[in-house]
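> got a sequence here, can you model it:
(chains A and B)
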Amino acid sequence: MATRVGAVVAAPRDVEGDVHLEGVTRRFGEVVALQDVTLRVAPQEVIAVVGPSGCGKSTLLDLVCGLQRADAGTLTAGRAVLMPQRDLLLPWLDARDNAALPLRLAGADKDEARAQAHTLLAELGLDGFERARTWELSGGMRQRVAVARTLLSGAPILCLDEPFGALDAITRADAQAWLAAILHRTPRTVLLVTHDVEEAAVLADRVVVLSPRPGRVVADLTVDLPRGSAGRTPTDPQVVAVRARALDALRGAMA
Amino acid sequence: MAAALVIILLLGGWEAYARLGSIDDFILPAPDQVASSLFHDRGLLWDNLLVTAQEVVLGLALALAAGALLAFALHSFGPLRRAIYPLLVGTQAIPIVTIAPLLAAWFGYGILPKLVIVALVCFFPIVVTTLDGLAAVDPEQHKLLRTLGASRAQVFRWVEAPAALPAALSGAKIAVAVGGIAAVFAEYAGSEKGLGHLLLQSIPQLETARAWAAVVVLAALAITCFSLLALVERRLAPWAHRKDPAA
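Numbers count the residues shown, from 1 in each chain, chains lettered A, B, ... in the order given. Sure, this is the predicted structure:
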């Protein structure tokens, strides 16, 4: 997977890709899932949200995608689309039609939608698998199709909920590389929920650490390396340092 | 292979019992008598089979259409489901023989009352399996479609209808076996042709072997319909037979 060295392009201010949470609280009955969360994500910025299980990470994404409403606080975000943890590919559609689903839902013509999906799948290294049935694809391939589907939604904001959580270590590293490459080529605002601090440090511009329930922001760490650069490997000192700080913040919050 | 062996064993046992036992031929003919009737009455059996097959196939098609439609309605409107579903279960306890004459009175002696009876009997398993198929759609899948901005009709078109298709066909496979019995009862209530009609006539005429031959033909009809439905299911819904590794 080719990753290119390049300077971060100064992103134009674009309300569409903005995410802004101010004092957001979300309760489920007696349980407070998120408490007083304030978070700003600039357009085309990639932030990773890490935290222990049940800290409200997925709730945060649901809120940004408009699938749930906050009980307190304000939230402004452009059109955001959720990519759930499981790929949720439809078994009655082949790889190409699964990827093209958002285009078809938006009313695109069948051939036009398929052509676009075809191009993107080829970019993701699935050339020759466009017509494959979902059960013929490996876990890593299925995840690529799911990412293609998410990208083809055309939403400026992507909410990825542990997208690679179910993959083995090698496939996962590979998946992180192609996701970084895709985001480098076509930048989007990304909220990436993960429980893997290393994945967060490799992929994101910023790593936001949430406390155990009720989820609060306990650390907001900047990764000082351009995304998609050759230095962005798990062993790079910068990445290792961010990872260590994020782990410290997590431990501090758990204590 | 195993099925053939079981059939041979059963037929052998039956033959021995019919020949050596004290049961009269008019009550239980031996398999060779049934086979001979199958051969000699083949024209008669074939003509009557065509009538019954038509009733079963069309009745089943009617049941599939009505059953799938009702399942979607019940699935979409919770109050309707709660109001109708128990009633639907209750109607299944009504013996067809009691309403068959009523339907004959309403719809005459043509094919229509037979279709209605076959459809009534086949309808229930189709509604139940289709409803289960619809309910089995992953809630996460609905969430995904919502975040992609799908309308209610689009959720139906892309997710619910394909998910319900193999379920409805499974229901039809269950229904087809009882569909044959329903057609026979429908013909009992008043008809001029059909395997049920033939049965009804053969027994008082002491043509028991012919009656059993009609039963064999009826069974063959059920097996054929079942196999065809299984074939259709494999063609239309190949995913239903696949274990999705990551699903």
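> which residues of the stretch 51-200 of chain A lie near chain B?
A:65-67, A:80-82, A:84, A:86-88, A:90-92, A:101-102, A:104-106, A:133-135, A:139, A:142, A:153, A:166 (Cβ under 8 Å from any Cβ of the partner chain). Any C-beta I mention is one placed from the backbone N, CA and C, and that applies to glycine too.
> now list the buried members of those.
Listed as buried from these are A:65, A:67, A:80-82, A:84, A:86-88, A:90-92, A:101-102, A:104-105, A:133-135, A:139, A:142, A:153, A:166; burial here means 16 or more other Cβ atoms under 10 Å in any protein chain shown.
> find me the pLDDT at the most centrally placed residue in chain B, would you?
By Cα atoms, centre = their mean, chain B has its centre lying nearest to B:Val176, at 1.7 Å. Note on B:Val176: pLDDT of 91.
> surely B:Ser191 is within a strand?
No: if the criterion is DSSP: H, G, I helix; E, B strand; the rest coil, then B:Ser191 is coil and not within a strand.
> contacting residues around it?
B:Tyr109, B:Lys114, B:His197 (Cβ atoms under 8 Å, 6 or more residues apart in numbering or on different chains).
> closest one of those to chain A?
B:Lys114 (34.9 Å; Cβ to the nearest Cβ).
> any idea how far that closest one is from B:Ala93?
Going from B:Lys114 to B:Ala93 by Cβ to Cβ, to the nearest Å gives 21 Å.
> which residues does B:Leu80 contact?
B:Ala73, B:Leu74.
> Three-state assignment for it, please.
helix.
> same thing with A:Ala48?
A:Ala48 is classified as strand under three-state DSSP.
> burial count for it?
27 (other Cβ atoms under 10 Å in any protein chain shown).
> one more: B:Leu144?
For B:Leu144, using other Cβ under 10 Å, the count is 26.
> doesn't it belong to a strand?
No: counting by three-state DSSP, B:Leu144 falls outside a strand, being helix.
> is it true that it touches A:Arg86?
No: under the criterion of Cβ atoms under 8 Å, B:Leu144 makes no contact with A:Arg86, lying 9.3 Å away.
> mind listing what B:His75 touches?
Applying Cβ under 8 Å, 6+ apart to B:His75 gives the contacts B:Arg81, B:Leu131, B:Leu134, B:Ala135, B:Glu160.
> same question for A:Gly78.
Counted by Cβ under 8 Å, 6+ apart, A:Gly78 has contacts A:Val15, A:Glu16, A:Gly17, A:Asp18, A:Val19, A:Ala155, A:Pro156, A:Ile157, A:Thr189.
> change it to 6 Å
A:Glu16, A:Gly17, A:Pro156, A:Ile157 (Cβ atoms under 6 Å, 6 or more residues apart in numbering or on different chains).
> excluding chain neighbours, what is closest to it?
Of all residues not flanking A:Gly78 in the chain, A:Glu16 sits nearest, at 3.9 Å (Cβ to Cβ, 6 or more residues apart in numbering or on different chains).
> can you tell me which residue of chain B sits closest to chain A?
B:Trp239 (3.6 Å).
> helices along chain B, start to end?
B:2-20, B:31-40, B:42-76, B:78-91, B:96-107, B:111-135, B:139-147, B:152-155, B:161-188, B:195-202, B:208-236 (DSSP state H).
> quick one, which of those helices is nearest to A:Ala180?
helix B:139-147 (23.2 Å; Cβ to Cβ).
> for the record, mean pLDDT for the closest one?
91.
> list the buried residues in that helix.
B:Gln141, B:Lys143, B:Leu144, B:Leu145, B:Thr147.
> any stretches of the stretch 101-250 of chain A with poor pLDDT?
The stretch 101-250 of chain A contains residues with pLDDT under 70 at A:228-231.
> do a quick rundown of the helices in it.
Secondary structure of the stretch 101-250 of chain A by DSSP state H, counting those that start in this stretch: the helices cover A:110-123, A:139-152, A:169-185, A:197-203, A:237-254.
> by mean pLDDT, which helix or strand of chain B comes out lowest?
The helix or strand of chain B with the poorest confidence is helix B:96-107; it has a mean of 84 (mean pLDDT, DSSP states H and E).
> which strands or helices does that one pack on?
Contacts defined by 3 or more Cβ pairs under 6 Å, 6 or more residues apart in numbering or on different chains; DSSP states H and E place helix B:96-107 against helix B:111-135, helix B:161-188.
> gap between it and the chain center?
For helix B:96-107, the gap between its own C-alpha mean and the chain's C-alpha mean amounts to 19 Å (Cα atoms, centre = their mean, to the nearest Å).
> report the angle between that helix and helix B:161-188.
For helix B:96-107 against helix B:161-188, the angle by axes from the mean of the first three to the mean of the last three Cα atoms, to 10 degrees is 90 degrees.
> residues contacting helix B:96-107, please?
With Cβ under 6 Å, 6+ apart, helix B:96-107 has contacts from B:Pro113, B:Val116, B:Ile117, B:Ala182, B:Phe185, B:Ala186, B:Ala189, B:Gly190.
> counting neighbours, what do you get for the first one?
If you count neighbours by other Cβ under 10 Å, B:Pro113 ends up with 25.
> can I get stretch B:152-172 as CSV, trimmed to CA atoms?
C-alpha atoms of stretch B:152-172 as CSV (Å, rounded to 0.1, in the frame of the first residue of the first chain):
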residue,chain,number,x,y,z
ARG,B,152,-39.1,3.7,4.3
ALA,B,153,-39.8,2.5,0.8
GLN,B,154,-36.0,2.2,0.2
VAL,B,155,-35.5,0.2,3.3
PHE,B,156,-38.2,-2.2,2.1
ARG,B,157,-36.7,-2.4,-1.4
TRP,B,158,-33.1,-2.9,-0.4
VAL,B,159,-33.3,-4.8,2.9
GLU,B,160,-36.7,-6.1,4.0
ALA,B,161,-38.0,-7.6,0.8
PRO,B,162,-34.8,-9.5,0.0
ALA,B,163,-34.5,-10.6,3.6
ALA,B,164,-38.1,-11.9,3.6
LEU,B,165,-37.9,-13.7,0.2
PRO,B,166,-36.1,-16.9,1.4
ALA,B,167,-38.3,-16.9,4.5
ALA,B,168,-41.5,-16.7,2.5
LEU,B,169,-40.2,-19.6,0.2
SER,B,170,-39.5,-21.7,3.3
GLY,B,171,-43.0,-21.1,4.4
ALA,B,172,-44.3,-22.2,1.0
